[in-house]
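Colleague: output the structure for:
(one chain, ligands or ions: 1)
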Amino acid sequence: MTTQLSAATLAPPETPAVRTRKLTKRYGAHLAVDGVELTVRRGEVYGFLGPNGAGKTTTLRMVLGLVRPTAGSATVLGERAGTPAANRLIGALIEGPGFFPYLNGRDNLRTLARHRGLPDSHVEAALDKVDLRGRGKDRFTSYSLGMKQRLGVAAALLGDPELLILDEPTNGLDPAGVSDMRALIAELSAAGQTVLLSSHQLSEVQEICHRVGVISRGRLVTESTVGELRGSGRLLVRADPLDVALAVGMRVAGEDNVSIVDGALQLRVDPVRAAEINRALVTARVDVHEIRPSERSLEEVFFEMTAAPAAEEGTR
Ligand SMILES: Nc1ncnc2c1ncn2[C@@H]1O[C@H](COP(=O)(O)OP(=O)(O)OP(=O)(O)O)[C@@H](O)[C@H]1O
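Modeller: As a prediction, this is how the structure comes out:
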């Protein structure tokens, strides 16, 4: 589509695919989304992660212009969210695909394509991308859940959108379906597609996301690469006596950056400071048995970030 191409190509390359500023949605007394500031860069797969009810869908709906923000704003490639110019750049699968059960997959897509003035060639290309061309003539009702989701992605891809928004694309899928969906997103990404996807299952999407934003109780608690999230900025120290080591750790790394986990010190510092911290401990006559970068599992990080309000405050 010409408008789509011009809007995308006119935007400087550094223009983010999505940027939200203090994006807020209040339902009565309930703050569903609370001042969210996220940035999705062009060409990346961005995982928008959080437990059920955290505010993911509401945020995505605001980016799509389906929900009006109470405050704040969002842009899509520089265009104000919700405007026709912004919506032309987005293909979305949100809250399950709506298809005619007795039509086959191809005819379902053709109906959507014709409604949008797109030629049938777009349907074949989209079926190809989601690996459903061979099943295009089968009724929608005969599809597995995974195939239904993939057809939903195909529908979102009609018209070659700059940005693909997928709300919980792996929700309810069996392991094979999850794996297919992951492979599909990775393929789309390799072909240059920008993807913003939401999930409450970190482990399901961690391998395909370049960066992630974690939302908890309406607030974005972090935005980083998966590697950063796992705590590349942490050191584990086994030392004796522990209380002296703790005092040294607090002096060197700052009080808020030290905790004791399973009888060892966890220091929230860049691991390149290991030698300096070792020296400080030894000078204080502490025996250092082990000092190494510590990587937590993503589930652990996710749980910590989204579980306790105190943890949430600490990261803001
Ligand atoms: N239309 C609405 N009216 C009132 N409250 C709403 C409305 N839509 C969402 N909420 C509330 O806002 C909060 C965030 O909901 P949202 O659907 O955005 O969360 P989510 O992170 O997408 O969760 P899930 O993974 O369960 O879909 C929830 O507490 C929800 O009950």
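
Colleague: which phi and psi does the residue of the stretch 151-300 of the chain found nearest the ligand have?
Modeller: Using C-beta to the nearest ligand atom, the closest approach of the stretch 151-300 of the chain to the ligand is made by residue 200 at 5.1 Å. In short, each C-beta sits where N, CA and C put it, glycine included. Dihedral angles phi and psi of residue 200 (degrees, to the nearest 10) take the values phi -100, psi 0.

Colleague: likewise for residue 166?
Modeller: In terms of degrees, to the nearest 10, the main-chain angles of residue 166 are phi -120, psi 120.

Colleague: the residue lying closest to it once chain neighbours are set aside bridge partners, please.
Modeller: Closest residue to residue 166 apart from its sequence neighbours, by C-beta to C-beta, 6 or more residues apart in numbering: residue 197 at 4.2 Å. With DSSP bridges as the criterion, residue 197 is bridged to residue 47, residue 166.

Colleague: against residue 211, how distant is residue 197?
Modeller: 12 Å (C-beta to C-beta, to the nearest Å).

Colleague: mind checking which of these two has more residues around it?
Modeller: residue 197 (25 against 19; other C-beta atoms under 10 Å).

Colleague: and the nearest residue to residue 50 once chain neighbours are set aside, helix, strand or coil?
Modeller: Distance criterion C-beta to C-beta, 6+ apart; nearest residue to residue 50, sequence neighbours excluded, is residue 215 at 3.8 Å. Classification of residue 215 by DSSP: H, G, I helix; E, B strand; the rest coil places it in strand.

Colleague: now for residue 215: which residues touch it?
Modeller: Residue 215 makes contact with 36, 48, 49, 50, 54, 55, 56, 59, 221, according to C-beta atoms under 8 Å, 6 or more residues apart in numbering.

Colleague: just checking: which of those residues also lie near the ligand?
Modeller: 50, 54, 55, 56 (C-beta under 6 Å from any ligand atom).

Colleague: please enumerate the helices of the stretch 51-200 of the chain.
Modeller: For the stretch 51-200 of the chain, the helices defined by DSSP state H, counting those that start in this stretch cover 56-63, 84-87, 105-115, 120-129, 145-157, 175-190.

Colleague: among these, which is nearest residue 93?
Modeller: helix 145-157 (4.4 Å; C-beta to C-beta).

Colleague: buried ones in the closest one?
Modeller: Within helix 145-157, the residues that count as buried by 16 or more other C-beta atoms under 10 Å are 146, 147, 148, 149, 150, 151, 152, 153, 154, 155, 156, 157.

Colleague: ditto for stretch 114-131
Modeller: 118, 122, 123, 126, 127, 129, 130.

Colleague: what's the pLDDT at the first one?
Modeller: The per-residue pLDDT reported for residue 118 equals 91.

Colleague: who's in contact with it?
Modeller: 158, 159.

Colleague: quick check: it vs the ligand, distance?
Modeller: According to C-beta to the nearest ligand atom, to the nearest Å, residue 118 stands 29 Å off from the ligand.

Colleague: any weak-confidence spans in this structure?
Modeller: Residue ranges of the chain with pLDDT under 70: 1-10, 96-97, 231-232, 296-298, 308-316.

Colleague: okay, which residue is most central for it?
Modeller: Central residue of the chain (C-alpha atoms, centre = their mean): residue 47, 1.2 Å from the mean position.

Colleague: quick one: residues contacting that residue.
Modeller: By C-beta under 8 Å, 6+ apart, the neighbours of residue 47 are 197, 198, 199, 202, 205, 206, 208, 209, 211, 212, 213.

Colleague: coming back round to it: which two of the ones next to the ligand among the contacts of residue 215 have the greatest separation?
Modeller: For these, and using C-beta to C-beta, no pair is farther apart than 50 and 55, which are 6.8 Å apart.

Colleague: how much space is there between the nearest residue to residue 189 once chain neighbours are set aside and residue 196?
Modeller: Spatial nearest neighbour of residue 189, excluding adjacent residues (C-beta to C-beta, 6+ apart): residue 45 at 4.9 Å. Taking C-beta to C-beta as the measure, residue 45 falls 8 Å from residue 196.
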